[in-house]
Each structure stands twice: as structure tokens, then as C-alpha cells.
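>>> This is a predicted model, with the sequence first.
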Amino acid sequence: MVDSLPQWLLDVLGQDVQFWLGYLTNGKHLNWYASVQYTLAAGVLGALVALVLGTLAATARNSRSAPVRVLGNIYTSVLPGVPDVLFFLFFPLAFEQAVEWVRAQAICSPSDLGSGHWPPCPDANLILGTPEYLILAAVSLGIVYGAFAGNVIAGAMNAVPKGQLEAARAFGMSPLQVMTRIHIRQMWVYALPGLSNVWMLLFKSTSLLSLLQISDIVLWADRLGAPNFSRSAGFVHPDWRWAYYLILLIFYIIITFISEKVFAALTRWAGRGMATAGAV
Amino acid sequence: MGALAAIANDIVLLAKPALFNIYFALVSIPTGFVLAVFMALGKASSNPIISRLCRGYIYAFRGSPFFIQLFMFYSLLLSLNLSVWKPLGLDTIVLNPLILGPAVLALNTTAYTANILHGALMTVPRGEVEAARAFGMSRFQQFRTVIWPNVIRLAWPAYTNEVVFMFHATALVYLTLPVIDDQLDLMNKAGTLFEKDYNAFLHYPVAAMYFLVISAAIFFGFGRVYRHLMRHLPRPPAMRFAPRWMR
């Protein structure tokens, strides 16, 4: 990377800057920068799942059928009582075991099934790679924060003035039209501040990806910062992990800052034409 | 072994690990609360330097994951081990997870709590403060008799949530810091039990149950305190069993 720069630029930069440029663009560091994609992918995918599940849960809580209502209430009130990290570790394991169990019923011989070993026979063993774990991680984040989002969206649905809905019905709109054109359309203004909070929590939880052996930014920071001794170059650097973690800390703070700006803009956009304090 | 016996067995096995989570919470939350009072006053300070510093602290700790904060402080102290702590003979104290864990938890909860208290501080009725000043109260008297009672009443519901989430955050401490001997907390113990028999559907839900029960106990206890804080009202607020999960 540094070698491709023109000579005059290298002269200007000097030896120290050249060394640091070379160090920060070596293969391992490039892997580190690339691993940001896992964090971002888990965050965005998790947020989409959370939004869908949150909307479903909020709808379920207002359902006419009592069992559906109970289900929605259990989901939105029990799941936030469990640490996100616990569910984050549990869900991928549980999902994997459930799939293995189904496979075992089909593949394994009856004597293997009764043996009490796990997995019952080697063929039923499921080997997952990074993409699968990433999806499982995003889905488990989505399930956890979907419960939070469900609370927010349910509250926002109730916050829409009843008069608006009555007026829409008086205009002869069908229930579906009232729902999509008036209720959900106005719901966003009340939901966005809460959803912004949920997104920040969710994105901060993406730092847990390394617990599922995904080579994300945290795992790479740990590898890069560990005391480095190579036979050819000798002692490269002592324990620099704290500096790498500090960079991660700043990375997350920057994402928080950007998210705040984006949500402020979204709130302005959602509130356009509405007589609320949030609208400009 | 029947399912119920297995669950009962797990409840017994996880009782001691739960004490570690409770210990982390009991040490860090009161410490963080005291620090947060000063941090909130600092954020509201008219001195721009103090105010900026407190604002920055709160933004940094609220804007980054606790998991990374733990890693950073642990690795920072570890890198100073050979040059500072070892020669002073402090390495077993500074790097002890039973001290370092609550310390970082306290730094984290200070930021969140200070933000809640600052929000409450900003909504204290202005007329009451002016009345206190008109009575000739000193600044400290104003704070003690007028501002603080208002702040704590306004902040209590949000602070209840913060305490519950702080208790949940204790689950991360031993996923980051080295575990000494058999001082396993709920997450570690559930993990080691899982590695023995691969029964994810037993051990993790029982650990989750511990968290749920203790969260409910926190809501109950803090609800009682809230009723006590609001005892001057003709009808004190009813106990809320449906928690508002928001941080």
C-alpha cells in the first residue's frame, strides 16, 4: 500500500509517518477494517427484524383474540427482563440444537437416538460458518429488541389522537385505509424517539458478535493489540489492546452521533405537516 | 431424572453464581449513584469547562457499549501491570475482577444515572426554587430542601429502569474479565453446565429465570420506595407491575 505512493509524497511524509502508514495498512489491519461489515450487517439486519417483530407484537397486543393478546404481552414484557447477552448466546445454540434434533430424527438409527449423546449420531451434527452465525446473531438481536420496539410502537399507536381516526372513518375510508394512511402514517412521529433509543441499544449490542466466534471488529482488535512478537522482526509492540479498544469506543460513539442526527432528520420528516412540538 | 428435578437441581447450582451478579450490582449501583449526583450537577454547572467535561463523559459512556468499556479498562490496567502495579505490589488488587468489575460498572452507571438526574434537574419547577431563594435560603439549603426532593421524585421511575439494566449488565463482567478459581457468575455457570451435557434448553432458561426474578424484585422494591417518596400526595401512585422497559 505504502509502496504504491509516489516518491515525492514519501519524502514529504518522512520515516515515522511512512512506518505508521505501513503498519496501519498491513494485511491484518485491512482485515480489521473489512470486519466492520459484520457489525454493520448485524446491526441493520437486526434492526429490520426488530421493526417487523415489534410491529407484529404491537398489533398482537391490540388483537381481538385473547390468546394472541397474551402472547404479545408475554413477548414484550418478559424478554426485556432477560439480559440481551443471555438471549444472544442462547438463541443460536437453541436454534442449532433444534435443527440437529429434527435432522437426527430423520437420519440417525433408533439405538443412537436413545443413547443420550448429543448429537445422537455424527451425521446429524450441524456445522455453521460465519454467515450462518451472523444471521443467527442478527435474528437474536432482532428478537430481543423487537420486544422493546413492540412496547414503543404499541405506545405510539395509542398516542395517535382518536379524532384523527374518527375523521378518517367519517370520510368513508375502509379500516385498512385508516390503518395505513392515517394510523401508521401518524404513529411514526410518536414512535421515532423511542425507536431511536432501541436502535442505539441494538447497535451497541453488536459488540457481542465475537462471543459467537464471528471475526468482528472486537475480535480483530484483540488479535491486533495483543503483545506481538515475530521471529523475523523481533518484538514488534507490547500490549496495545487498550488503544485498539479505545478506537472501537470512538467508532461506536461516532455511530451514535450519526444515528442521533439521522433520527432527528427522520422525526422532522415524519412530522411534516403535523401540529406537534417535534415538527418544524 | 425428571424435568422438574433437573430444573430444581439447576436452581440450586446457579444460586451461588447469582450472588456474584448481586455483589457486582450492590457495589456498583450505590457508588455510581453518588458519583452521578455530582456529575449531574456538573452538567448543569454554569462553568462552561465543568459542564463540557461532564457532558463529554456522559455522552462517551452512554454512546459506547459497556462490553467494549470493560475490555478497554481491563486491557489498559493490564498493560500497566509490569511497569506500575507489580512493583507497587498492587496487581492482585487492581486486576481483581471483584474490584475492577464493579469499578467499570460504576463508571458506566454514573453516566446513565447522571443523564436521568440532569433531566430531572431541568424540570424542577422554577417557582419553587425562586420561593426558596426569596426565603433567604443558602444555595446548599435550596438544594437540600427544595431541589433534591423534586429531582429524586422526578427521576425515580427512570432510575428504576436503569438499575434493572445495570443488573443485566453484570452478566457481561465475567465474559470479559478472567474468572478466579470457581467464582463463576450466572452466565459462566450456565455456560459450563451447557458444555457438560449440551442441554441449552435447561441451563440458559434457568439462568434467565434468575435474572427475571431479580429484575421483578428490583421493580417491587423500587416501587415501594416510590410510594414512600410520593407519600405527600392524596393518593400515592399504585404499584406498577408492568415495567416500562426503556433505557
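Cool, got the structure. Numbers count the residues shown, from 1 in each chain, chains lettered A, B, ... in the order given.
>>> what are the phi and psi values for B:Asp185?
Main-chain torsions, B:Asp185, degrees, to the nearest 10: phi -100, psi -170.
>>> Can you tell me what sits against stretch A:235-253?
Stretch A:235-253 is contacted from outside by A:36, A:203-204, A:207, A:217-218, A:221-222, A:224-230, B:59-60, B:63-65, B:68-69, B:71-72, B:75-76, B:78-79, using Cβ atoms under 8 Å, 6 or more residues apart in numbering or on different chains. Any C-beta I mention is one placed from the backbone N, CA and C, and that applies to glycine too.
>>> just the helices in chain A please.
Assigned by DSSP state H, chain A shows helices spanning A:7-24, A:27-34, A:36-61, A:66-78, A:84-107, A:110-113, A:130-159, A:162-170, A:175-177, A:184-205, A:217-225, A:241-270.
>>> With mean neighbour count and mean pLDDT added, can I get those helices in JSON lines?
Formatted as JSON lines, the helices of chain A follow (neighbours: other Cβ atoms under 10 Å in any protein chain shown; pLDDT from 0 to 100):
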{"stretch": "helix A:7-24", "mean neighbour count": "11", "mean pLDDT": "83"}
{"stretch": "helix A:27-34", "mean neighbour count": "13", "mean pLDDT": "89"}
{"stretch": "helix A:36-61", "mean neighbour count": "20", "mean pLDDT": "95"}
{"stretch": "helix A:66-78", "mean neighbour count": "15", "mean pLDDT": "93"}
{"stretch": "helix A:84-107", "mean neighbour count": "18", "mean pLDDT": "90"}
{"stretch": "helix A:110-113", "mean neighbour count": "12", "mean pLDDT": "76"}
{"stretch": "helix A:130-159", "mean neighbour count": "22", "mean pLDDT": "93"}
{"stretch": "helix A:162-170", "mean neighbour count": "13", "mean pLDDT": "93"}
{"stretch": "helix A:175-177", "mean neighbour count": "11", "mean pLDDT": "91"}
{"stretch": "helix A:184-205", "mean neighbour count": "21", "mean pLDDT": "92"}
{"stretch": "helix A:217-225", "mean neighbour count": "21", "mean pLDDT": "91"}
{"stretch": "helix A:241-270", "mean neighbour count": "17", "mean pLDDT": "94"}
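>>> For B:Asp182, find the nearest of those.
Nearest to B:Asp182 among these is helix A:84-107; the distance by Cβ to Cβ comes to 20.4 Å.
>>> Does anything pack onto the closest one? Which helices or strands?
Contact here means 3 or more Cβ pairs under 8 Å, 6 or more residues apart in numbering or on different chains; DSSP states H and E; on that basis helix A:84-107 packs against helix A:110-113, helix A:130-159, helix A:184-205, helix B:148-176, helix B:186-197, helix B:200-229.
>>> Any stretches of chain B with poor pLDDT?
Applying pLDDT under 70 to chain B picks out residues B:1, B:236, B:238-247.
>>> Centre-most residue in it?
Residue closest to the mean C-alpha point of chain B, counted by Cα atoms, centre = their mean, is B:Met166 at 3.6 Å.
>>> got the contact list for that residue?
B:Met166 makes contact with B:Ala25, B:Ser28, B:Ile29, B:Gly32, B:Leu105, B:Asn108, B:Thr109, B:Tyr112 under the criterion Cβ under 8 Å, 6+ apart.
>>> what's the most distant pair in those?
Among the contacts of B:Met166, B:Ala25 and B:Tyr112 lie farthest apart (Cβ to Cβ), at 13.8 Å.
>>> B:Phe219: neighbour count?
For B:Phe219, the neighbour count with other Cβ atoms under 10 Å in any protein chain shown is 21.
>>> Relative to chain A, how far out is it?
Here B:Phe219 is placed at a distance of 9 Å from chain A (Cβ to the nearest Cβ, to the nearest Å).
>>> burial count for B:Pro205?
Neighbour tally, B:Pro205, other Cβ under 10 Å: 17.
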